[in-house]
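K.L.:
Predicted model follows, preceded by the sequence.
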Amino acid sequence: MTDLDRWIWTCMNRGVWMSRYNVGDYIVHESSGVCQVVEISEMALSGRGSEKMYYSLEPVYQTGAQVITPVESKVRIRDVHTKDEMQKLMDSALDLPVVKEQNVRVDSASWSAKLPQAEQERLAEELIAKGGNINFIKWEAGSVLSETGRAMEHMASFDYGYKIAAVRDWLFEQSK
């Protein structure tokens, strides 16, 4: 029996029929960003009897790092999408039923995270002044990564967003 046969048999007996991703695939992990799947194996991370199938991931922007996440996880990982696919998703936000039914207004702006802080404050205030219920700030590509390139762009973007007082204030004013 090959390793693949053993893995398929193990998955079938545990009710996990198929891994969504394969070794070599690229995915986006919720906190580690873009990662490559380097191994899929059974582990008992909580002791004997807790065996599950896990992905072993290598984050693209963190040299030498490793992430382990359950194969059956539906919230921690997602597919990698192109810039055009993500733009289409952002543009489709206006078509969401909740947006139409609740008369929700979505506004967005794009600028470099390397602009002076005062300029970012002004741009954020202009965006918020439009009165949107949902506001997106899209950082220009490459403007949120550190000079070393070791950070993950999607995580590094939080640092820039939360430094803008207008953004922080707007976020904390929100309620259901």
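P.N.:
Received, thanks. Since the model is a prediction, treat every value here as computed from it, not as a measurement.

K.L.:
what's the closest non-adjacent residue to the residue nearest the centre of the chain?
P.N.:
Geometric centre of the chain, nearest residue: E30, 4.7 Å, by Cα atoms, centre = their mean. Spatial nearest neighbour of E30, chain neighbours left out: R76 (4.8 Å); criterion: Cβ to Cβ, 6 or more residues apart in numbering. In this view, the C-beta of every residue, glycine as well, is placed from N, C-alpha and C.

K.L.:
what about that neighbour, how many neighbours?
P.N.:
For R76, the neighbour count with other Cβ atoms under 10 Å is 16.

K.L.:
And the pLDDT for it?
P.N.:
pLDDT for R76: 76.

K.L.:
T10 too?
P.N.:
Reported pLDDT for T10: 51.

K.L.:
Over to the one 4 residues further on?
P.N.:
Confidence per residue is given as pLDDT, and for R14 that number is 47.

K.L.:
correct me, but the residue nearest to the centre of the chain touches I77?
P.N.:
Yes: here E30 reaches I77: they are 7.1 Å apart, a contact under Cβ atoms under 8 Å.

K.L.:
how many neighbours does G49 have?
P.N.:
Here the count is done by other Cβ under 10 Å, and G49 has 6 residues near it.

K.L.:
Ok, the one 10 residues further on next?
P.N.:
Neighbour count for P59, taken as other Cβ under 10 Å: 19.

K.L.:
Hmm, I68 and it touching each other?
P.N.:
No: between P59 and I68 there is no contact under Cβ under 8 Å: 11.9 Å.

K.L.:
Distance check, D25 against D169.
P.N.:
Distance of D25 to D169, computed by Cβ to Cβ, to the nearest Å: 40 Å.

K.L.:
With E39 instead?
P.N.:
To D169, E39 is 45 Å away according to Cβ to Cβ.

K.L.:
Equivalent analysis for S175, please.
P.N.:
Using Cβ to Cβ, one gets 14 Å for the distance from S175 to D169.

K.L.:
Show me the shaky parts of this protein.
P.N.:
1-19, 74-75, 93-103, 145-158, 176 (pLDDT under 70).

K.L.:
quick one: the helices in it?
P.N.:
Secondary structure of the chain (DSSP state H): helices located at 3-14, 83-91, 97-101, 117-129, 153-162, 165-173.

K.L.:
now for the fourth one, which elements pack on it?
P.N.:
In terms of contact count using 3 or more Cβ pairs under 8 Å, 6 or more residues apart in numbering; DSSP states H and E, helix 117-129 is assigned the packing partners strand 106-111, strand 134-139, helix 165-173.
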